[in-house]
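*Asks:* Show me the folded form of this:
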Amino acid sequence: MVIADDHALLREALHRALDGERDMEVVAEAGDGEEAVRLASELKPDVVVMDIVMPKLNGIEATRKIKETAAGTAILILTAYDDEEYVLGLLDAGAAGYLLKSARGRDLVDAIRTIQSGESVLHPKIIAKLLKRAMAAPTGEGRGPGLLSERESKVLELVALGMSNKEVSERLYVSQRTVKAHLTNIFNKLNVASRSEAIVKGLKCGLITLEDSSDGSQI
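*Replies:* Okay, here's the model as predicted:
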């Protein structure tokens, strides 16, 4: 993985901590956004852990450029900023996760493993902000009636609440394969390529209500 942050001490601390995990290896560090893009393009790492506010190129633009040149690289934003516009901008640019620097070290390790497996990660505080915004916002433009089925909407709601495929399958009493099939349909209908993009589009278009219900009916 590549670590991108303009604070050298933090980069070094993260490097040591993550290299200590048997299934992780830090291959490079970047001190600014442009360097992060260059390294990601050259090395094609599985994961880039990156801050938002960096010299030369901010995290949003760097994320967008990395996804253009290294589409298979999952990007985890690790930052002190939880502004909603940053969150939506980064997820829209293709970031797979958004974690605050106040998170525990184990949370960071778990988040890296999660996004590497193809799922998304949002800090609970970030989820709470997005939920509040979504519930207060008017119905988004471009919402098509019946665009998602009732079950697809439920799957997307649970994913947006931070649940993994396994947790969604347990909540809805279906197999993980069924959950993956629903997500594939959701991605196709919304014309997106990731869980994070689907969440952002669902919020923007008012396709999900994000009420954490206990509905457990069969598909």
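
*Asks:* how about the nearest residue to Lys180, chain neighbours excluded?
*Replies:* Asn165 (6.4 Å; Cβ to Cβ, 6 or more residues apart in numbering). All C-beta spots, glycine's among them, are computed from the backbone N, C-alpha and C.

*Asks:* Over to Ala17?
*Replies:* Gly105 (6.0 Å).

*Asks:* Tell me the spacing between that neighbour and Leu9.
*Replies:* 15 Å (Cβ to Cβ, to the nearest Å).

*Asks:* Compare the two and say which is more crowded by neighbours.
*Replies:* Neighbours around Gly105 and Leu9, counted as other Cβ atoms under 10 Å, are more numerous at Gly105. The numbers are 11 against 8.

*Asks:* Hmm, Gly20 and that one touching each other?
*Replies:* No: taking contacts as Cβ atoms under 8 Å, Gly105 lies outside contact range of Gly20: 10.0 Å.

*Asks:* Could you measure from Val155 over to Asn185?
*Replies:* 9 Å.

*Asks:* for Arg16, same thing?
*Replies:* Distance of Arg16 to Asn185, given as Cβ to Cβ: 43 Å.

*Asks:* Those two: which is more packed in?
*Replies:* Asn185 (15 against 10).

*Asks:* Following the longest strand along the chain in sequence, what is the next regular element?
*Replies:* Taking DSSP state E as the criterion, the chain has its longest strand at strand 74-79. For strand 74-79, the following helix or strand on the C-terminal side (DSSP states H and E) is helix 84-93.

*Asks:* average model confidence for the helix or strand just after that following helix?
*Replies:* Sequence-wise, the next helix or strand downstream of helix 84-93 (DSSP H and E) is strand 97-100. Strand 97-100 shows an average pLDDT of 86 in the prediction.

*Asks:* May I have the strands that pair with strand 97-100, each with its orientation?
*Replies:* According to DSSP bridges, strand 97-100 has the following sheet partners: strand 74-79 (parallel), strand 121-122 (parallel).

*Asks:* can you give me the helices for this structure?
*Replies:* Applying DSSP state H to the chain gives helices spanning 8-19, 33-43, 59-69, 84-93, 105-116, 124-136, 150-160, 165-172, 176-190, 195-205.
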